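K.L.:
coords please:
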Amino acid sequence: MFPQLIEAYNFCPLCGSKDLVRKVDTLTCGSCDHRKFDNPITAVAVFLLDAQNRALLIRRAKEPALGKWAPPGGFVDAGETLEQAAIREIAEETGITASDLRYLGSFPNNYVYQGLSQPVCDVFFTARAGSAEVAPQLEEVSAFQWLELAKIKADALAFDSMRKALAVLRDA
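P.N.:
Presented below is the predicted three-dimensional model:
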């Protein structure tokens, strides 16, 4: 089991004190009473569908889950809506302009990076691809494939949240 990110703090991020009181999901400074919560960060992913109703999957070129398949997605930037992040991530990772973005569902996830686990709320959408011509961002994507929903192997997906979203999409 990987330690939670909040467990890595040795000093108060506000005043620098070592007087920290740890609870399951909260860090409280005994000197200035600053509280750091272990709230999830937000990520988006999109099951991008082409004219034949096939979904685009990308092979992850980085950890975590290096080499696993995933719908295009990533973390929401400050000042961005979920929808803006979804459209941006599709364009960045695939070069495709998406339309008809629709909410699918959200699922909790733990994102392990550099040995620390961060809680994440993964928000899933579906969208339509303006083109099936993919120009993958090679830094993030090592391969891609268009697959019929029934042919996507859930155990090949990078995260449990993706498997749950795929199940919802298949049942829709």
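
K.L.:
ok, which stretches of the protein are helices?
P.N.:
Under the criterion DSSP state H, the chain contains helices at 82-94, 160-171.

K.L.:
if you compare the ones you listed, which one is most tucked away?
P.N.:
Highest mean neighbour count of the helices of the chain: helix 82-94, a mean of 20 (counted as mean count of other CB atoms under 10 Å). C-beta: built from backbone N, CA, C; applies to glycine.

K.L.:
rewinding a little: for residue 9, which of the helices of the chain is the nearest?
P.N.:
Set against residue 9 and scored by CB to CB, the helices of the chain come closest in helix 160-171, at 25.7 Å.

K.L.:
Most distant residue from the centre of this structure?
P.N.:
Ranked by distance from the centre of the chain (CA atoms, centre = their mean), the top residue is residue 31, with 35.3 Å.

K.L.:
Assess the claim that it and residue 15 are in contact.
P.N.:
Yes. Taking CB atoms under 8 Å as the contact criterion, residue 31 and residue 15 are neighbours in contact, 5.6 Å apart.

K.L.:
tell me, which strand in the protein spans the most residues?
P.N.:
Of all the segments assigned as strand in the chain under DSSP state E, the longest by residue count is strand 98-113.

K.L.:
partners of that strand, with directions?
P.N.:
Sheet pairing of strand 98-113 (DSSP bridges) gives strand 116-129 (antiparallel).

K.L.:
buried residues in the partner strand?
P.N.:
117-129 (16 or more other CB atoms under 10 Å).

K.L.:
Which one of those is nearest to residue 56?
P.N.:
Using CB to CB, residue 129 is the member of the buried residues of strand 116-129 that lies nearest residue 56, at 6.7 Å.

K.L.:
so how far is residue 87 from the closest one?
P.N.:
Shown here: residue 129 relative to residue 87, a distance of 12 Å by CB to CB, to the nearest Å.

K.L.:
Mind listing the shared neighbours of these two?
P.N.:
Overlap between the contact sets of residue 129 and residue 87, as judged by CB atoms under 8 Å, 6 or more residues apart in numbering, is given by residue 98.
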